[in-house]
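> The sequence and its predicted three-dimensional model are supplied below.
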Amino acid sequence: MTDSRYVLAIDQGTTSSRAIVFDHAGTIVASDQLEHEQVFPRAGWVEHDPVEIWDNTRKVIGGAMSKANLDPDDVVAVGITNQRETAVVWDRTTGEPVYNAIVWQDTRTQKIVDRLAEDGGADRYKDVCGLPLATYFAGPKVMWVLENVDGARERAEAGDLMFGTTDTWVLWNLTGGAENDGVHVTDVTNASRTMLMDLRTLAWDEDVAADMGIPLSMLPEIRSSSEVYGECRPGVLKGAPVAGILGDQQAATFGQACLEKGSAKNTYGTGNFMLLNTGTEPVPSENGLLTTVCYKLGEEETVYALEGSIAVTGSLVQWVRDNLGLIREAPEIEELATSVDDNGGAYFVPAFSGLFAPHWRPDARGALVGLTRYVNRGHVARAVLESTAFQTREVLDAMNADSGVPLEELKVDGGMVVNETLMQFQADILGVDVVRPKVAETTALGAAYAAGLAVGYWSSTEEIAQNWGEGKRWSPRMDEGERERLYRNWKKAVTKTLDWVDDDVD
């Protein structure tokens, strides 16, 4: 392949859909982005319109191609990365969704999760899928659709309905949809977030699917993260092979070139997600982490990871902007936070969807504690940013305990890493260096790499590792005593969020 051709990555995220064109050096040539509506029908419910997501995906592909002045022949491969666990169920014949996409943050399935846990507890399926029973994952969301949407159960059992996470929804439409027999496929990383896939066989587990009442006919075919799945239908990408799929956090891990056992990254987005490459054997967690697939390149051995998932980080900044009106634009949070020297004793625990790793407490709800008359807007803004760093410290401690080898530095990426105040505080509260790469769009880059490897645009993972470059490094400046005092107070704040949801509180 010549360097004059490009790879296009589709990044279908929680708040927006993007298309980014990358060249052979892994640098961005052009991009386009559109946000989609966040739908909140009830407290704890979070939905997206799948049709809006697909429409926006088409528009951003056209936008990026136009900005780069490219023809379909200029694109050697297309990669897809996506918000994981978000579930879409649609009609096989019409292509119409039977309900909005139920987003990974949604907590409506708690009663379903509790029902499944009656026989075997929260870890009932952990040996099979590496995951505890939680509202986070896609399987219980599909159960909810089948149990609550009129006619869905009957249509599913008749073979008329299809399920997919948003990678599958985008791929199916991109390769033809209902009109032209779209490809119904997902990759191992996304399949590993449904609770329905056996981590070792990489196949759907019939027993788990039966327990959840999900017909196997609904499920997409599971394939590797790097192979040709199909070609784009007529349009600005006509004929381009779709050749890579990775769930967003695995894509960021791949884009960060965390290709060696023991390497780790943390992505700062809507939520935070830290992944540690554990090599070719799945490692059970004893400290509240998830065992998941990291990536699988074609016929090569599967690579696994331990993951610490935090539900609310960047979305807390959005909440402060949209719900409280404390700031007008998200970047203003840093300026407001730096108007004070510290948090003034205030701690913000954003347990809006319960607490994810390492606690897994669905009964928790958000709390702002430690308030006095002294606390002002600046202190609250600082507490908002610090909550991300404190939650990351909890996950890193769990990861160090599981792996037995303390991380010496942490690679970071995602939208929040442009916040210098947060990155310095992160290094301070962890006590290790925090490193940002030159190319911060590591999620889309990881999907591009997976697609490019499948068609020979990049020859090997060694070539990908050579592309990675350090952009900026933050080293700890905080005294250890102060670090541990702040963290002790944070852990105390977390205890105030627990046991909030009971039978009287939805």
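Sure thing, it's come through.

> all contacts plus neighbour counts: C-alpha atoms, from now on.
OK.

> If you count neighbours, what's buried in the helix or strand that contains residue 335?
For residue 335, the element it lies in under DSSP states H and E is helix 332-337. Within helix 332-337, the residues scored as buried using 16 or more other Cα atoms under 10 Å are 333-334, 336-337.

> Straight-line length of stretch 454-464, end to end?
13 Å (Cα to Cα, to the nearest Å).

> do stretch 298-314 as well
34 Å.

> which strands and helices sit next to the helix holding residue 335?
Here helix 332-337 touches helix 377-403, going by 3 or more Cα pairs under 8 Å, 6 or more residues apart in numbering; DSSP states H and E.

> How far away from the center of its chain is the helix it packs on?
With Cα atoms, centre = their mean, to the nearest Å as the basis, helix 377-403 stands 18 Å off its chain's centre.

> hmm, who's touching the helix holding residue 335?
Contacts of helix 332-337 with the rest of the structure, by Cα atoms under 8 Å, 6 or more residues apart in numbering, involve 317, 327, 377-382, 385, 419, 421-422.

> Tell me which helix or strand comes right after it.
strand 347-349.

> what is the mean pLDDT for that next one?
Regarding strand 347-349, the rounded mean pLDDT is 97.

> can you check stretch 242-258 too?
For stretch 242-258, mean pLDDT is 93.

> Format the CA atom coordinates belonging to it as PDB.
Extracted C-alpha coordinates of stretch 242-258, given in PDB (Å, rounded to 0.1, in the frame of the first residue of the first chain):
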ATOM      1  CA  VAL A 242     -14.900  -2.400   6.700                       C
ATOM      2  CA  ALA A 243     -12.000  -4.300   8.400                       C
ATOM      3  CA  GLY A 244     -11.700  -3.300  12.000                       C
ATOM      4  CA  ILE A 245     -14.000  -3.200  15.100                       C
ATOM      5  CA  LEU A 246     -13.000  -2.500  18.700                       C
ATOM      6  CA  GLY A 247     -15.100  -1.300  21.600                       C
ATOM      7  CA  ASP A 248     -14.100   2.200  22.500                       C
ATOM      8  CA  GLN A 249     -11.900   1.400  25.500                       C
ATOM      9  CA  GLN A 250     -10.200  -1.500  23.800                       C
ATOM     10  CA  ALA A 251      -9.600   0.800  20.700                       C
ATOM     11  CA  ALA A 252      -8.000   3.400  23.000                       C
ATOM     12  CA  THR A 253      -5.800   0.700  24.500                       C
ATOM     13  CA  PHE A 254      -4.700  -0.400  21.000                       C
ATOM     14  CA  GLY A 255      -4.200   3.200  19.800                       C
ATOM     15  CA  GLN A 256      -2.000   3.800  22.800                       C
ATOM     16  CA  ALA A 257       0.100   0.900  21.700                       C
ATOM     17  CA  CYS A 258      -0.500  -1.000  25.000                       C
END
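
> Tell me which stretches of the stretch 151-300 of the chain form strands.
Using DSSP state E, counting those that start in this stretch, the strands of the stretch 151-300 of the chain run over 161-165, 185-187, 221-223, 226-231, 241-247, 264-268, 272-279, 290-295.

> deepest of these, which one?
strand 241-247 (a mean of 31; mean count of other Cα atoms under 10 Å).

> Check which helices and strands that one sits against.
Strand 241-247 packs on strand 75-82, helix 166-174, strand 185-187, helix 188-191, strand 226-231, helix 442-454, going by 3+ Cα pairs under 8 Å, 6+ apart.

> Parallel or antiparallel, which strands does the fifth one pair with?
Each strand that pairs with strand 226-231, with its direction, by DSSP bridges: strand 241-247 (antiparallel).

> what about the partner strand, distance to the chain center?
With Cα atoms, centre = their mean, you get 16 Å for strand 241-247.

> Save the contacts of helix 332-337 as CSV, and put in distance to residue 87, pLDDT and neighbour count too.
Shown next, in CSV, are the contacts of helix 332-337 (distance: Cα to Cα, whole Å; pLDDT from 0 to 100; neighbours: other Cα atoms under 10 Å):
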residue, distance to residue 87, pLDDT, neighbour count
317, 25, 93, 23
327, 32, 91, 20
377, 37, 94, 14
378, 38, 95, 22
379, 37, 96, 23
380, 34, 95, 26
381, 33, 95, 26
382, 34, 96, 27
385, 30, 96, 27
419, 31, 93, 14
421, 35, 95, 16
422, 32, 96, 21
